[in-house]
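# Task: produce atomic coordinates for the following.
(chains A and B)
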2 protein chains.
Amino acid sequence: MFRSALLIMTLCAVPSSADEGMWTYDDFPSAQVKKAYGFGPDAKWLEKVRLGSLRLANGCSASFVSRDGLVLTNHHCVRACVEDLSSAERDLLSVPFVAKAREQEERCAKTEANQLISITDVSERVLAAVKGQSGAGFQKKLKAETAAIEQECAQGDVKKRCDVVTLFNGARFHLYTYRRFQDVRLVFAPEFAMAAFGGDPDNFNFPRYGVDVALLRVWEDGKPRPTPEALKVKAGGANENELVFTSGHPGGTERGRTVAHLELQRDVVLPWTLLYLAELRGRLDQWMQGDPERTRVTRSRLRSVENGLKALRGRQQALVAPGFLEQKRADETALREKAPEATRGGWELVAKGAAAMRPLLPRYRLLEAAEAFDSELFAYARLLVRDREEGAKANAERLPEYSEARRPALVQQLSGAVPVSKPLEKATLTWSLTRLRNLLGADDALVREVLGKQSPDDLATQLVDGSALDDAAVRKEVLEGKRALDSDPMLVFAKKVDAAARAARKQVEDDFDAQVKRGYEQISEAKKAVVGASGYPDATFTLRLSYGQVKGWGEVKPFTTVGGFFDRLTGKAPFAASDAWLKAKAGLKPATRFDLATTNDIIGGNSGSPLVDKAGDVVGLVFDGNLASLGGNYGYDGRENRATAVHADLIYAALEKVYGAGHLAAELKR
Amino acid sequence: MFRSALLIMTLCAVPSSADEGMWTYDDFPSAQVKKAYGFGPDAKWLEKVRLGSLRLANGCSASFVSRDGLVLTNHHCVRACVEDLSSAERDLLSVPFVAKAREQEERCAKTEANQLISITDVSERVLAAVKGQSGAGFQKKLKAETAAIEQECAQGDVKKRCDVVTLFNGARFHLYTYRRFQDVRLVFAPEFAMAAFGGDPDNFNFPRYGVDVALLRVWEDGKPRPTPEALKVKAGGANENELVFTSGHPGGTERGRTVAHLELQRDVVLPWTLLYLAELRGRLDQWMQGDPERTRVTRSRLRSVENGLKALRGRQQALVAPGFLEQKRADETALREKAPEATRGGWELVAKGAAAMRPLLPRYRLLEAAEAFDSELFAYARLLVRDREEGAKANAERLPEYSEARRPALVQQLSGAVPVSKPLEKATLTWSLTRLRNLLGADDALVREVLGKQSPDDLATQLVDGSALDDAAVRKEVLEGKRALDSDPMLVFAKKVDAAARAARKQVEDDFDAQVKRGYEQISEAKKAVVGASGYPDATFTLRLSYGQVKGWGEVKPFTTVGGFFDRLTGKAPFAASDAWLKAKAGLKPATRFDLATTNDIIGGNSGSPLVDKAGDVVGLVFDGNLASLGGNYGYDGRENRATAVHADLIYAALEKVYGAGHLAAELKR
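Purely as a prediction, here's the structure:
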């Protein structure tokens, strides 16, 4: 399934293939689409669809689908919420959740939804601030200016979210202003096994039979928010060859990256991450085997790990495909030769940054990205420790995620009362500390300081058992300064490793990020001079519109059907239907469309995007892509690249005939 | 630790660094060594050390160290035997094994030792046979000629092992004739935890404290074989800067590979293997956690998996090190430009083979390399099924491992009565079948045929529980044709998947191996024409001699000591001493040397090699290399590349003062 894990900003790409492009709303190629398909969105259409679109801050997309704040997204986008609402006695991932009335809707403690209100170009201001800077100086100025712009925009209003977004990797900066919704409630979710039907073997494959659908509702001031801007879910859905759009938030692409930057990915970043995920997958799966309670608290994370592994493996394979980098290199050489003299150093800057990054990755990932401290309690502890330290600084000096404007998100993450599984915490912290020692060696100074003569197991047990940070009330007291940082062993531990983690981060920011941003700024100038300013920027988890067609490829048909679903059952996971589906079988029409494939150019982060027709109605719900789409990180190939979506008819059939949620289907239809 | 996993044959390398080279005994650069160190081995020295050296057929090296057939090697080279001799009631990996008398020595059912008797150049005969052939035709002729030469040599004598070895990857072929010993008995083994002291974090690191030592004895006709050719283990061992040699069997290097061939490794082969091992490591480790019996049957394999993972990860990192492939490419271009016209197609042939291999790897590894059928019972079943089929063919037509000359090794593998853990079998077979479905997809024809509507778990349980192939007597009956191939579900299963596995193998042999061999033949000609025939061939698990010095690097001293060992203890695995060592502490001298580092150029397969001084005496026992040595697969850098060995003094101290094996120490000294 598609989901944005990291938001990585890069450079513009000039579309070279029909249906290619993750277009910003202010630069959508309507004329081009009209030429190809006989219809091009006008300003009114664009505004309607933009306001009907939502971003979920955890890395997903969604849309308003009723006038009373009902939100359509994927089950995998709300899986963490469903898990948080569960307990050993009440396992909401195993059974469907249907709120029969609004009072039964349950709040997702950590879910934030954002509706894009405006985009302002702040490039001149930011570029003026960093002019002539490099390395640490560049980072300092950039951070200060960003914090100031965001703070001026938000002005302490918790309902406003203001993000300065780096576009074209440093060439342009836009201020995105969102309406922020933090009271988001769960309305409907099918069984996890149906949402992820087919498990890892079917993931990123097609034909596919995922019921990857969920409904949330945005509340405000204690009642559902009125949302006249909602889109309509159209019964009948999409048909073969129909023109369709996706409006959503692709998390990140690397289509504009230089060869040296891509080689860093191929040689260092992807191998590191893939090996991490592969081992973690084995451990999580094995740890939970045969133990229902362990399974309950682990399966969602396992699914995320498996999904990431398959997605990144596909990406790695795309990157090493014969001829791919050679073509990139040839294009790069051609561009450099034509580029203005003053911009030619851009490629060297990126290469220099990439070279500097190679040896920095292990400590960055282990310490700052906290791979070595795999624990939710540790994550809370770090947020609390850093919030205390950063809060004492001027706004402009803080790490960005602790700035005034970004604090509402931080407070929500810390104050939501959600369960923590201490057995799972101990297991993951033990593994991750063991891995730290394996990778840095027993003689590394930090390893010695962290472990002393303790084993990873002993230390993890001591920290997890001794910590009270699983209690939201305790976290709130620490957050508000009413509890000391030495009051909890996990806080003490987070403080102990923080200097090393911050140092690893600073080195990456100064020696890699700053170089690379400056390099891409020059490369962007070179492209403007040589090929003009056309094209779409690489994805940055901001709202984009893509266009395409409902279409199969090769032997693969564009639709699956309810009949096909029942044929695929083996009775064994991951090919077993839930009781609700088995019971509903007689009442379902075999010909009803289930999932579909389209040529839309999407990527992780687009999960939950509405698939919209010419009328601006929702005809499907994007949840994944096919295997070929995994290379979409580096480029789009319309011959095989496909997005996959749940068909609108399946959404209605599931609500009305499987899950007894006719009242929700009716709300969608109003 | 060092161990050869795959025997991969490649091309000659011209040494460019002092102490570089894994030299064949018939081409050792004595004059060069004499110039550098004031001593160069003469013919007598070479013969003495060659006859004192042994190969263990499972991928290790060893030496005769007493006149009564006593053999010195690493614990990790006999770990499988120790495990095979264990049971739930008698766990020989947890306690030291010391045979107090010869009658107490226990046979290693699957261990074969080989002593090199002669080398014959058969290049002309083989090259004449394959002349003008390519693809399938090439493979057919090569197989037939190899089988004929080996058969003529062995003439049915089980005590003779005759292997045609491909050198310079197809440019030359040598017939290696060995004396074969199949009655090899365990005499001494320390605790696994002491042999592998420091676990994964210390593996491939130095300072190091491994007691990676074991003693075997070669028996013949019911008594210890007299071995007047044995080497002496010298008390006092090696000193700093001393000239030392290793005589052993490096398994394989890739120093002569073309860039296209190395890119195949970097892009396809290494990522595949690393991800496989990483997940398997997580699964095995987690599966055995907290369960003593599972731990007993799993820890040895886990250690092998972790070792392979770390070794290949180091190799991958060497391959992507900045500048490495660029230098290779520049050297290659320079050579091509000077090469005779007729040889220039060699590089294209290798590149073509490498390109063909990319899509073939998954099915080859899953099916033919049996990654999808991870089970010892399956391995037995395949050998039996294929032996029956191949046995019905003419010798020249058979798969090489089923030829007449190679049959004694096959019979030994099948007839040894060793335990099989059915719980572990079920776990590994379930995972590997699950992985097959994940990687090929649920709609793959073979996956459908194999699994049908069964889950991997169900199928694995049915096959393992239903099979009687864990009984050596049953295997013997099948081998001798007294039991039908449809008499056991695992045999039926092995037969069912065999066509697909053979097809995957044939495609690799015809489209990759044949192309690459022909390509390297031409490249070898090119090198001969341009730089002459000097240099050592890439390693091929045949006997090689390397020279070097006892030496640290940077801040690292060349020796560790008994005192340092006791300082390193934390009391927790993998840094906990065994009871025997704790009890012996008072009687041990802190200054006694423990492990040491040398500049010798070695690689996996050299494990167990004697470290020999000018007098031809054993002064240490090679068991590993440092992290820098992992790049040794692609090249040797004397500044940092180090072999690591157990010091002779530690061997004596362990036998005499820790393990109560003074009688063995005395035998070594006689």
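
# Tell me the residue of the stretch 101-250 of chain A that sits nearest chain B?
residue A:201 (4.5 Å; Cβ to the nearest Cβ). For the C-beta atoms, the positions are set from N, CA and C on the backbone; glycine is no exception.

# which residue ranges form the helices in the stretch 151-300 of chain A?
Assigned helices in the stretch 151-300 of chain A, in chain order: A:192-195, A:199-202, A:259-264, A:270-288, A:292-319 (criterion: DSSP state H, counting those that start in this stretch).

# Same list (those helices) but as JSON lines, adding mean pLDDT, mean neighbour count and distance to residue B:217.
Compiled in JSON lines, the helices of the stretch 151-300 of chain A are given as follows (pLDDT from 0 to 100; neighbours: other Cβ atoms under 10 Å in any protein chain shown; distance: least, Cβ to Cβ, whole Å):
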{"stretch": "helix A:192-195", "mean pLDDT": "98", "mean neighbour count": "23", "distance to residue B:217": "58"}
{"stretch": "helix A:199-202", "mean pLDDT": "97", "mean neighbour count": "21", "distance to residue B:217": "50"}
{"stretch": "helix A:259-264", "mean pLDDT": "97", "mean neighbour count": "22", "distance to residue B:217": "53"}
{"stretch": "helix A:270-288", "mean pLDDT": "98", "mean neighbour count": "22", "distance to residue B:217": "39"}
{"stretch": "helix A:292-319", "mean pLDDT": "97", "mean neighbour count": "20", "distance to residue B:217": "47"}
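
# any chance of those helices in a markdown table, with distance to residue B:506 too?
Formatted as a markdown table, those follow (distance: least, Cβ to Cβ, whole Å):
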| stretch | distance to residue B:506 |
| --- | --- |
| helix A:192-195 | 41 |
| helix A:199-202 | 27 |
| helix A:259-264 | 35 |
| helix A:270-288 | 30 |
| helix A:292-319 | 24 |
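
# State which one residue of the stretch 201-350 of chain A is found closest to chain B.
Per Cβ to the nearest Cβ, residue A:282 is where the stretch 201-350 of chain A lies closest to chain B, at 2.8 Å.

# Tell me how many other residues surround the closest residue to the residue of the stretch 101-250 of chain A closest to chain B other than its chain neighbours.
Spatial nearest neighbour of residue A:201, chain neighbours left out: residue B:442 (4.5 Å); criterion: Cβ to Cβ, 6 or more residues apart in numbering or on different chains. When neighbours are counted by other Cβ atoms under 10 Å in any protein chain shown, residue B:442 registers 19.

# so residue B:442 sits right up against residue A:202, yeah?
Yes: counting by Cβ atoms under 8 Å, residue A:202 is a contact partner of residue B:442 at 6.4 Å.

# circling back to that earlier point, contacts only, for the residue nearest to residue A:201.
Each residue near residue B:442 by Cβ atoms under 8 Å, 6 or more residues apart in numbering or on different chains is listed here: A:198, A:201-202, A:205, A:575, B:448.

# Return the member of the residues you listed nearest to residue B:544.
residue A:201 (45.4 Å; Cβ to Cβ).

# That closest one against residue B:444, yeah?
No: with contacts counted by Cβ under 8 Å, residue A:201 stays clear of residue B:444, the gap being 9.3 Å.

# Quick one: mean pLDDT for stretch A:184-191?
Averaged over stretch A:184-191, pLDDT sits at 98.

# Give me the distance from that stretch to the chain's centre.
Centre-to-centre, stretch A:184-191 and its host chain are 19 Å apart (Cα atoms, centre = their mean, to the nearest Å).

# Name the residues that touch that stretch?
With contacts defined as Cβ under 8 Å, 6+ apart, stretch A:184-191 is touched by A:70-71, A:75, A:78, A:81-82, A:85, A:92-99, A:105-108, A:111-113, A:195, A:211, A:213-219, A:578, A:580, A:654-655, A:658-659, A:661, A:664.

# Pretty sure residue A:526 sits against residue A:334.
No: between residue A:526 and residue A:334 there is no contact under Cβ under 8 Å: 11.3 Å.

# ok, the two, which is more surrounded?
Between residue A:526 and residue A:334, residue A:526 has the larger neighbour count (other Cβ under 10 Å), namely 21 against 11.

# Can you tell me how far the more buried one is from residue A:646?
Remark: distance between residue A:526 and residue A:646 (Cβ to Cβ, to the nearest Å) = 43 Å.

# shared neighbours of residue A:201 and residue B:444, anything?
residue B:437.

# what's the burial count for the closest residue in space to residue A:613 that isn't next to it in sequence?
The shortest distance from residue A:613 to any non-neighbouring residue, by Cβ to Cβ, 6+ apart, is to residue A:619 (4.8 Å). Neighbour count of residue A:619, defined by other Cβ under 10 Å: 28.

# go on, the one 4 residues further on?
When neighbours are counted by other Cβ under 10 Å, residue A:623 registers 30.

# Quick check: phi and psi at it.
For residue A:623, the backbone dihedrals (degrees, to the nearest 10) come out as phi -140, psi -10.

# which ones are touching it?
With the criterion set at Cβ under 8 Å, 6+ apart, residue A:623 makes contact with A:1-2, A:74, A:76, A:210, A:212, A:607-608, A:644-646.

# The same query, at a cut-off of 10 Å, please.
By Cβ atoms under 10 Å, 6 or more residues apart in numbering or on different chains, the contact set of residue A:623 is A:1-3, A:60, A:73-77, A:195-196, A:208, A:210-213, A:595, A:606-609, A:643-646.

# what does residue A:443 give?
A:437, B:201-202, B:205, B:207, B:568.

# switch the cut-off to 6 Å
For residue A:443, the contact set (Cβ atoms under 6 Å, 6 or more residues apart in numbering or on different chains) is empty.

# same check, this time on residue A:340
Residue A:340 neighbours (Cβ under 6 Å, 6+ apart): residue A:529.

# just to revisit the earlier point, for residue A:130, see how far away the residue of the stretch 101-250 of chain A closest to chain B is.
Counting by Cβ to Cβ - residue A:201 and residue A:130 are separated by 48 Å.

# With residue A:237 instead?
Taken as Cβ to Cβ, the span from residue A:237 to residue A:130 is 48 Å.

# Show me the contact partners of the one helix or strand residue A:594 maps to.
Assigned by DSSP states H and E, residue A:594 falls within strand A:593-598. Here strand A:593-598 makes contact (Cβ under 6 Å, 6+ apart) with A:206, A:208-209, A:244, A:548, A:550, A:552, A:558-562, A:565, A:620, A:642-647, A:649-650.

# and the residue sitting furthest away from the middle of chain A, what does it touch?
Distance from the C-alpha centroid of chain A peaks at residue A:453, with 39.2 Å (Cα atoms, centre = their mean). Shown in contact with residue A:453 (Cβ under 6 Å, 6+ apart): residue B:570.
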